[in-house]
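Asker: sequence unknown, structure follows:
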């Protein structure tokens, strides 16, 4: 399989097969998580989303300040693991015990708060510290990660937290993205390594389904949630101005 058309077809089918598994197997988990998100939005509380990990940060950004998304979402865009600060630095920080604790404390996430932790593999030290700290401080935690990837990672892997715990063991509700071990999914003749990562698709699908389900629940209750409109759409700036007035002082990275 070397031609572009064959590669495109194989990649497309692998992605859609994975998304279909999430749809078929995670509906109950997504609904349970959506109830938590809807409850917080109804009380005008923030929904914190943190993706400690180079590319897992993209998931937090995916549902933050997003057209069609809840205004109440507050992404934790901590510089420590953002790739913009350097890829090797990002990996070192996500493997540093105690770092996730500092991030949760610095963002004052605690009792009565809701934190969504999203990470492709569900094992790194910063992620586990964030989950443990948020729980200790009384926050409700939703986890979005791959159970098979975490369960297949050796206890002594250098990315792991000293406790050897997995995200899915620590949260109130877990959504399993089912990302296969290694993330990359395409095999090319003559190439030893697989190519074509899949976790960004899985994370984005799971999180957007979660947010859409929460909005639908609010509508069923007769609530009218605050939803961003694209600033590039007609009337977008005007529609969003009301939200900016209310949230700019509350959402750290707005």
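Answerer: That came through fine. Remember, it's a predicted structure, so these values are computed and weren't measured experimentally.
Asker: Where does residue 120 sit: helix, strand or coil?
Answerer: Put simply, residue 120 is coil when judged by DSSP: H, G, I helix; E, B strand; the rest coil.
Asker: what's the pLDDT at the closest residue to it other than its chain neighbours?
Answerer: Distances taken as C-beta to C-beta, 6 or more residues apart in numbering place residue 199 nearest to residue 120, at 3.7 Å, with adjacent residues excluded. (Glycine included, C-beta is placed from N, CA and C.) If you check residue 199, the pLDDT there is 97.
Asker: what's the spacing between residue 199 and residue 227?
Answerer: Relative to residue 227, residue 199 is positioned 27 Å away (C-beta to C-beta, to the nearest Å).
Asker: repeat for residue 175
Answerer: To residue 227, residue 175 is 21 Å away according to C-beta to C-beta.
Asker: Can you name the residues that contact the residue nearest to the spatial centre of the chain?
Answerer: The chain has residue 118 as the residue nearest its centroid, 3.2 Å off, counting by C-alpha atoms, centre = their mean. Listed by C-beta atoms under 8 Å, 6 or more residues apart in numbering, the contact partners of residue 118 are 49, 50, 51, 56, 59, 60, 143, 144, 145, 203, 207.
Asker: What are the buried residues along the helix or strand harbouring the last one?
Answerer: Take DSSP states H and E as the rule and residue 207 turns out to sit in helix 199-220. When neighbours are counted by 16 or more other C-beta atoms under 10 Å, the buried residues of helix 199-220 are found to be 199-211, 213-215, 217-218.
Asker: And stretch 108-119, by the same measure?
Answerer: 109, 113, 114, 115, 116, 117, 118, 119.
Asker: returning to what we had before: what separates the residue nearest to the centre of the chain from residue 144, distance-wise?
Answerer: Per C-beta to C-beta, residue 118 is found 4 Å from residue 144.
Asker: Tell me who's in contact with residue 35.
Answerer: Residue 35 is in contact with 214, 217, counting by C-beta under 8 Å, 6+ apart.
Asker: before we move on, what SS does it have?
Answerer: Per three-state DSSP, the secondary structure class of residue 35 is helix.
Asker: Quick one: residues in contact with stretch 240-254.
Answerer: Contacts of stretch 240-254 (C-beta under 8 Å, 6+ apart): 46, 64-65, 71-72, 74-77, 107, 226, 228-229, 231.
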